[in-house]
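# Everything below, folded, please.
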Amino acid sequence: MYQLQFNQKQLKVSLSAPAQTALAKLGKDLLVEMELYFSCFIRKKVRFYENQNAGTQVEDNLFIRFRPVMTDACHISEIGDDGPPLTDFPIKNPDTFSPNWLQIDYLQGEWQGEFGYQRQTAN
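Take a look at the predicted model:
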């Protein structure tokens, strides 16, 4: 597990054993993008890009970034990966929306990921 300062927050990054093995064998950079999609709904998605390092470095060949995105209009029929083009969402305070944890796995030859937020407890 890695813990790093990311967008003014502590982010815990964990890689499963298969993910650690696949990353070591990859031989090139891997960018993990945590996408937060704002439209008529909110969707969280983790995307993986090989040969890219445009993000915060976690270890030698592992990089991460957070990308809030939006669409110009909301059409339920366009939900999914083949939906309308996404544009960056200009959030005034991205720290508020930055995740607290990221989990990365590698199953059946595919990268998988999930990210989320720490729950605030009442005092």
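# how about the residue nearest the centre of the chain, what does it touch?
For the chain, the residue sitting closest to the mean C-alpha position, by Cα atoms, centre = their mean, is Met34 at 1.6 Å. Met34 is in contact with 44, 46, 64-67, 99, 102, 113, 115, counting by Cβ atoms under 8 Å, 6 or more residues apart in numbering. To be clear about C-beta, it is placed using only N, CA and C from the backbone, and glycine gets the same treatment.
# isn't there a strand covering it?
Yes. Assessed by DSSP: H, G, I helix; E, B strand; the rest coil, Met34 belongs to a strand.
# Pull up the gap between the closest residue to Thr21 other than its chain neighbours and Leu26, please.
In this structure, Thr21 finds its nearest non-sequential neighbour in Tyr106, 7.4 Å apart by Cβ to Cβ, 6 or more residues apart in numbering. Distance, Tyr106 to Leu26, using Cβ to Cβ, to the nearest Å: 10 Å.
# Run through the chain and note the low-pLDDT ranges.
For the chain, the stretches flagged by pLDDT under 70 are 74-85, 88-89, 119-123.
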